[in-house]
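Visitor: Generate coordinates for the sequence data below:
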Amino acid sequence: MKSFSKKAVQLQQKKTRSSKIRNKAIRSLKTARKLHRKSTSAINSIQRRVSKIHAELDDVSNALQHSLAQKESIQRLKINAEERLKQEKERKKQIESEISSATSNVRDQLEFTLNTISDQINEIRNEIRQRNSIARKVEKIIEGCNTKKSKLCSQIKTASKSKPRIIKIMNESKKNVAKLEKRLPSLTKTEKNIRKNFSRINSVIREQAKRKKVSQTKSRRDKSRKAAEERRIQNLARKLATQMLAEKRKAPKKTKAKRKAPKKTKAKRKAPKKTKAKRKAPRKRR
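Guide: Numbers count the residues shown, from 1 in each chain. Have a look, this model is predicted:
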């Protein structure tokens, strides 16, 4: 019985340890799965974010290229306008010098040409002012595009910088998940076997305890019967002794035959009398 109890205690300790190990493995597996899901989600989020930033960066780059091309075109138009303005100014000076020495008829024609040139000069100047205004706007757009492009590139760099660390976590958690998933069935099987053996030992102990209880009950019953029998015998003996004592009290007491004291003979004064013959005692019957 003691050996079974000792073995039951050992199995109980093993069962507790195996349960702790299995529960710890389950918690570790849950943690690893959660970490893998988080890292995978983080990687996917980073990829989506980087893709979105790249798309936005492409739009900014296209807008920048368009603005740069527009700026270049404005610069060319402005240069052309300035050259034309220069030429028109030279023509104006030339005509003004010709008017002073020209006849009246020629002067009228030259004045008309001069007015036309002046109008063209004003138009060119307006064109140049418009080109400058557009160029300033384009410059602001280019500056904004460059700033946004730099910011987007910085975001891509930051996201890409954290990506390797998250990828490492994802790979490690994936390995841990595979390792724990492979180990957990073995731990479960071990715990199941220990529980089974523990249940068997408990059954044996319960059966032995039951037998011991039955034996003790039988022993107590036998002792009780023996004690009852002894009490019964004692009661009978007591009753018998009481009865004998009562009968002894009721029986008449036997009187013992008193011996007759020998008679003292007086001094004979006279002749002694003849004594009678003694009776013979009756013979006992055989």
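
Visitor: The stretch 151-286 of the chain: strands as residue ranges?
Guide: When secondary structure is read from DSSP state E, counting those that start in this stretch, the stretch 151-286 of the chain shows no strands.

Visitor: residue ranges with poor pLDDT in it?
Guide: Along the stretch 151-286 of the chain, the model assigns pLDDT under 70 to residues 251-286.

Visitor: Go again with 50.
Guide: For the stretch 151-286 of the chain, the stretches flagged by pLDDT under 50 are 274-282, 284-286.

Visitor: what about residue 173, neighbour count?
Guide: Residues lying near residue 173 (other CB atoms under 10 Å) number 20. (Each C-beta comes from the backbone N, C-alpha and C, glycine too.)

Visitor: my bad, residue 85
Guide: 18.

Visitor: can you tell me which residues contact it?
Guide: 121, 124-125, 128 (CB atoms under 8 Å, 6 or more residues apart in numbering).

Visitor: Could you let me know which of these ends up closest to residue 69?
Guide: Taking CB to CB as the measure, residue 69 lies nearest residue 128 of the contacts of residue 85, at 19.9 Å.

Visitor: Distance check, the residue lying closest to that closest one once chain neighbours are set aside against residue 75.
Guide: Closest residue to residue 128 apart from its sequence neighbours, by CB to CB, 6 or more residues apart in numbering: residue 81 at 4.9 Å. In this view, residue 81 and residue 75 are 11 Å apart by CB to CB, to the nearest Å.

Visitor: Kindly report the same for residue 156.
Guide: 32 Å.

Visitor: the more surrounded of those two?
Guide: A direct count of neighbours by other CB under 10 Å for residue 156 and residue 75 places residue 156 higher, at 16 against 13.

Visitor: what's the nearest residue to the more buried one if we skip its chain neighbours?
Guide: Among residues not flanking residue 156 along the chain, residue 53 sits closest, at 5.3 Å (CB to CB, 6+ apart).

Visitor: Could you say which helix or strand holds the one you found?
Guide: Using DSSP states H and E, residue 53 maps to helix 2-101.

Visitor: With residue 126 instead?
Guide: Per DSSP H and E: helix 104-250 holds residue 126.

Visitor: What is that helix packed up against?
Guide: Where contact means 3 or more CB pairs under 8 Å, 6 or more residues apart in numbering; DSSP states H and E, helix 104-250 is packed against helix 2-101.

Visitor: and the helix it packs on with helix 104-250, angle?
Guide: 170 degrees (axes from the mean of the first three to the mean of the last three CA atoms, to 10 degrees).

Visitor: and helix 2-101, how far out from the chain's middle?
Guide: 35 Å (CA atoms, centre = their mean, to the nearest Å).

Visitor: same question for that helix, mean pLDDT?
Guide: Averaging pLDDT along helix 2-101 gives 86.

Visitor: among the contacts of residue 85, who's most crowded?
Guide: Neighbour-wise, those (other CB under 10 Å) top out at residue 124, 20 neighbours.
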